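>>> please work out how this folds:
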Amino acid sequence: LNSNEGACVNAFTFLDDFVARGSKQLHYFRQSELVVPSAPADDEPAPSLEFLRQAAGLTQGQELMIPLLELLRTQWDAGDTLKLHRQLIGLERVAVLHMLTGVKLPNRFSRCVDILGEIRESGEASKALDLTYEERAACRERLRTHKFGSGKVGRDQAKAILWRLNEHLNLKNSQSRVQSVPNTLTIEHVLPQKIGPESRDWIEDWPEEELRSEWVHCIGNLALLNHKSNSKASNSPFAVKQTVLQDSPFPLTREAGSAEAWRPEEVQAQHQRLVTLATEIWRLG
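Numbers count the residues shown, from 1 in each chain. A predicted model of the protein is given here:
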């Protein structure tokens, strides 16, 4: 990988090369079986390799596979769990920046080169993993305002982010990591995208079409479900959706299902909760 010469190594070819060298950790990473050790301190969020896998599967995140694999290759067995945790969280933060703010490909590769350079020169990436004040502010603004549910790219981004937030809450509450396979998951719009004349309950709670349009695709109105549950929920009234939402393994989905109703005030409260949670995990404040 050489950003100065404009040469790029395909991340998955790079992965194949590493696995061919016999790295046990990288083999398990590819098989989604590698789990980061528990956080060494209560105030340190545990990093999520599954989030990084999902981010690397997006167009804006594939190149991050390269510094991620270098971290795993060089530091997994080093014994300093806190140091590895902080670097993986930093890499998550860079992934969020690339995912949300439309960083151009040359700049994304340049940052990856800087991360690799720090790892190889000092054994630890630090400065290259830090976001500037402007970058953190751009991430927060995007989380607050982006219409994640309006297209496939946004829904894939929301799926990765919601997975991360739910996994954090599960671990924080001393529960195991969620075992659902990301490929079987889908994004549910709790407030349906389309409300017909027969949807009297939704029309009563959301009489203004402009307000519905403002909030229907925001991350606060989105929830993780498996495909089968999503088809059951569909455009049903909230009273019907509640049963499906409450039966989810994801705590944030269950929270949405436990609401008394799903009016503008509930969506706005859930939206603020998710933005705040993401800001805390990735230190975007």
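>>> enumerate every residue touching residue 86.
Counting by Cβ atoms under 8 Å, 6 or more residues apart in numbering, residue 86 makes contact with residue 44. For every residue, glycine as well, the C-beta is placed using N, CA and C.
>>> any idea of the mean pLDDT in the helix or strand encompassing it?
Assigned by DSSP states H and E, residue 86 belongs to helix 81-101. Helix 81-101 shows a mean pLDDT of 91 in the predicted model.
>>> list the buried residues for the helix or strand containing residue 167?
Applying DSSP H and E as the criterion places residue 167 in helix 152-172. Burial within helix 152-172, assessed by neighbour count using 16 or more other Cβ atoms under 10 Å, is assigned to 154-171.
>>> again, but for stretch 95-108
Here stretch 95-108 shows 95-100, 103, 108 as buried, counting by 16+ other Cβ under 10 Å.
>>> try stretch 118-137
For stretch 118-137, a neighbour-count test (16+ other Cβ under 10 Å) marks 118-119, 124-125, 128-129, 131, 135-136 as buried.
>>> and the angle for the helix holding residue 86 with helix 152-172?
Angle of helix 81-101 versus helix 152-172, following axes from the mean of the first three to the mean of the last three Cα atoms, to 10 degrees, is 150 degrees.
>>> residue 272 touches residue 220, doesn't it?
Yes - contact criterion Cβ atoms under 8 Å: residue 272 and residue 220 qualify, at 7.2 Å.
>>> which one of these two has more residues nearby?
Between residue 272 and residue 220, counted using other Cβ atoms under 10 Å, residue 220 has the larger neighbour count: 23 against 12.
>>> contact partners for the more buried one?
Contacts of residue 220 by Cβ under 8 Å, 6+ apart are 267-275.
>>> any idea how far stretch 163-170 is from the chain center?
Mean-position distance between stretch 163-170 and its chain equals 9 Å (Cα atoms, centre = their mean, to the nearest Å).
>>> now the strands for the stretch 151-285 of the chain?
185-189, 222-226 (DSSP state E, counting those that start in this stretch).
>>> pull out the buried positions in the first one.
Neighbour counts over strand 185-189 (16+ other Cβ under 10 Å) mark 185-189 as buried.
>>> for residue 56, which non-adjacent residue is closest in space?
residue 65 (4.4 Å; Cβ to Cβ, 6 or more residues apart in numbering).
>>> tell me the buried residues in the strand or helix carrying that neighbour?
Take DSSP H and E as the rule and residue 65 turns out to sit in helix 65-75. Judged by neighbour count using 16+ other Cβ under 10 Å, the buried positions of helix 65-75 are 65-73, 75.
>>> gap between the helix holding residue 86 and the chain center?
11 Å.
>>> which element follows it toward the C-terminus?
That would be, after helix 81-101 and using DSSP H and E, helix 105-122.
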